[in-house]
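# Need coordinates for the following:
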Amino acid sequence: MTTYPGTHGSESVAILPSAGGRAFESRAHARAARGDWINVAMVGSVALAVALFLSDGGIYRFTSFAESMTSMGILTGLIGTNLICLMLLLAARIPVVDRTMGHDRALALHSSLGKPVLYLLLAHGIFLTIGYAATDGSNVVSETVTLIGTVADMPLAYIGLALFVLVAISSVVAVRRHFLYEVWQVIHLLTYAGTAASIPHQFSTGGLFLPGTAQRWYWLALYTLTASSLLVFRFLVPLITSLQHRVRVHSVRHEGPGIFSVTMTGNNLQSLNAQAGQFFTWRFLARGQWWHAHPLSLSAAPDGTSLRVTIKATGKGTARLGALRPGTAVYFEGPYGMFTENARTAEGVLLIGSGSGMAPIRALLEGLTFASGKATVVLRASRETGILHQSEIERLCAERGARLFYAAGARHPFVDSWLPGDWVDQGTTLGSFGVDPARTDLYVCGPGAWTDLVTQDAEIQGFKASAIHHERFSL
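Residues are numbered from 1 along each chain as shown. Have a look, this model is predicted:
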């Protein structure tokens, strides 16, 4: 059944337990267990780094002010470096991490570690300099000059720290929004250079990682795991996959002003095992386009022979994609993300999209498994003419027995809400759409601030955190 634009009443929908529902719950429990193990491994790695230092004589180094400062410098450096490796592993798109945490949550955790790492590395340098100065009977400034000028590999360490500071500054939202996506990516890649620059002084200074010690083997293993994961999953796998599937642009269809869909074909696409709701990072190998990376979700469920994305022109780079010619080669990374059937915890689904986020919602509507009457779709736009893939979504809702609501209208002038202003005045909330929060998964996709408002409303209405799935369209 499809409800029509402007309808937003409340009704009760009963979603009964079934074998399918139990299967979703069982899969969700298994995924949560994998997530627990990943968290344990992350915390355990930091604890192990500290324990190895203390057990290798570090516990006896706190005997004087100078020794204590030096030891605190070593500890903060070890913890900070360990967290850098974890950050890189979270961003390496390792399949088990992607299937367990999802791209959004992995990168959110990656970003949350940025400030602690920066503070730890700054503390590392400050504590060590104070400790060395106290030992030599000099001041901090002269000790710094001496370290840079006379200690092997120390200039590289300072260069590494400077690179981390640059990356941290570029990651601040107020600064980052002024960069092109590709420029910010290049700056962020300096994390790799900073890590590489900081490694030599760990092994050549202070005798901390002497040959044959457990510390030396631990750090060699961690660095090898991090470097190999980045090399394999960020570079080799995308290169091999792109060469294997030979994806080409098949057609470009204009959907409306500044909006178009690109359909691509290739060899043996079914072996990608892509799912509705996932995204790829695309590089269209046309003149002036090859260096632009476009993270775009599928706007149609994969059929094994083609892949489709829908693009809203937001700048010169995306606008040029509307002129792509059939046959243009495509380099891609993916598929990525847990915004899929695999994230399900319940039998009912509530799909909410806004702006470009309507594209993956349309794909999910086509690709998710649900019985007639067990799905509800809510599309948010400032006006009804702004509904992306409107005719396709209406057809799919009619065919699959999903209810459809158009939440069209201007925002409320005084109330911060994800719904139109007139709906807010009538007291409409997420609970007005007639779904049972205890037996429904919420999929929401749209701008970051808007998505936050939807998830906040969902939590108030009683949706479990594990049943709220989102993809964000913001840098």
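# C-alpha from now on. contacts and neighbour counts both.
OK.
# Check the average confidence over stretch 301-309, would you?
On average, the pLDDT along stretch 301-309 is 95.
# Other residues contacting it?
Contacts made with stretch 301-309 from outside it, assessed by C-alpha atoms under 8 Å, 6 or more residues apart in numbering, are listed as 261-271, 274-277, 296-300, 359, 363-364, 366-367.
# Please flag which of these sit within helices.
By the criterion of DSSP state H, membership of those in helices covers 359, 363-364, 366-367.
# Now for the residues you listed: which two are most distant?
Taking every pair in the ones in helices among the contacts of stretch 301-309 and measuring C-alpha to C-alpha, the maximum separation is 12.5 Å, between Ala359 and Gly367.
# out of the two, which sits in the busier spot?
With other C-alpha atoms under 10 Å as the criterion, Ala359 and Gly367 differ in neighbour count, and Ala359 comes out ahead with 28 against 18.
# who's in contact with the residue nearest to that one when sequence neighbours are not counted?
For Ala359, ignoring the flanking residues on the chain, the nearest one in space by C-alpha to C-alpha, 6 or more residues apart in numbering is Ser299 at 4.5 Å. Counting by C-alpha under 8 Å, 6+ apart, Ser299 makes contact with 276-277, 308-310, 359-363.
# Which single one of those residues is nearest to Thr146?
The closest of the contacts of Ser299 to Thr146 turns out to be Gly277 (C-alpha to C-alpha; 55.5 Å).
# so the closest one touches Leu296, yeah?
No - counting by C-alpha atoms under 8 Å, Gly277 does not reach Leu296; the two are 10.2 Å apart.
# who's more crowded, those two?
Each of Gly277 and Leu296 has its neighbours counted (other C-alpha under 10 Å); Gly277 has more, 32 against 19.
# Tally up the residues packed near Asn39, please.
Neighbourhood size, Asn39 [other C-alpha under 10 Å]: 12.
# Please identify the helix or strand for it.
Element membership for Asn39 (DSSP states H and E) is helix 19-55.
# Check which helices and strands that helix sits against.
Identification of packing neighbours for helix 19-55 by 3 or more C-alpha pairs under 8 Å, 6 or more residues apart in numbering; DSSP states H and E yields helix 65-90, helix 95-101, helix 214-230.
# What residues sit buried inside the following helix or strand past the shortest one?
This points to helix 95-101. Counting by DSSP H and E, the next helix or strand C-terminal to helix 95-101 is helix 103-112. Across helix 103-112, burial judged by 16 or more other C-alpha atoms under 10 Å covers 103-107, 110-111.
# now those in JSON lines, with pLDDT and distance to Thr314?
Conversion of the buried residues of helix 103-112 to JSON lines gives the following (pLDDT from 0 to 100; distance: C-alpha to C-alpha, whole Å):
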{"residue": "His103", "pLDDT": "85", "distance to Thr314": "23"}
{"residue": "Asp104", "pLDDT": "83", "distance to Thr314": "22"}
{"residue": "Arg105", "pLDDT": "87", "distance to Thr314": "25"}
{"residue": "Ala106", "pLDDT": "90", "distance to Thr314": "26"}
{"residue": "Leu107", "pLDDT": "86", "distance to Thr314": "23"}
{"residue": "His110", "pLDDT": "88", "distance to Thr314": "27"}
{"residue": "Ser111", "pLDDT": "84", "distance to Thr314": "25"}
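# what about the nearest residue in space to Ile74 that is not next to it in sequence, which helix or strand?
Take Ile74 and drop its neighbours on the chain: the residue closest to it by C-alpha to C-alpha, 6+ apart is His124, 6.5 Å away. Assigning secondary structure by DSSP H and E places His124 in helix 114-136.
# and that helix, how far from the chain's centre?
Averaging C-alpha positions (C-alpha atoms, centre = their mean, to the nearest Å) puts helix 114-136 31 Å from its chain's average.
# Convert the C-alpha atoms of the helix or strand following that helix to CSV, please.
As assigned by DSSP H and E, the chain's next helix or strand after helix 114-136 is helix 140-150. What follows is the C-alpha trace of helix 140-150 in CSV, where atoms were taken according to Å, rounded to 0.1, in the frame of the first residue of the first chain:
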residue,chain,number,x,y,z
VAL,A,140,64.8,22.7,26.8
VAL,A,141,65.6,24.9,23.9
SER,A,142,69.3,24.0,23.7
GLU,A,143,68.4,20.3,24.3
THR,A,144,66.0,20.4,21.3
VAL,A,145,68.8,21.9,19.1
THR,A,146,71.2,19.2,20.3
LEU,A,147,68.7,16.4,19.6
ILE,A,148,68.0,17.5,16.1
GLY,A,149,71.6,18.2,15.3
THR,A,150,73.4,15.2,16.8
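# I'd like the average pLDDT over helix 140-150.
Confidence over helix 140-150, taken as the mean pLDDT, stands at 77.
# Tell me which residues of it come out buried.
Residues 140, 143-144, 147 are the ones in helix 140-150 that count as buried (16+ other C-alpha under 10 Å).
# Just give me the closest of these to Ser228.
Where the buried residues of helix 140-150 are concerned, and distances follow C-alpha to C-alpha, Ser228 has its nearest neighbour in Leu147, at 31.8 Å.
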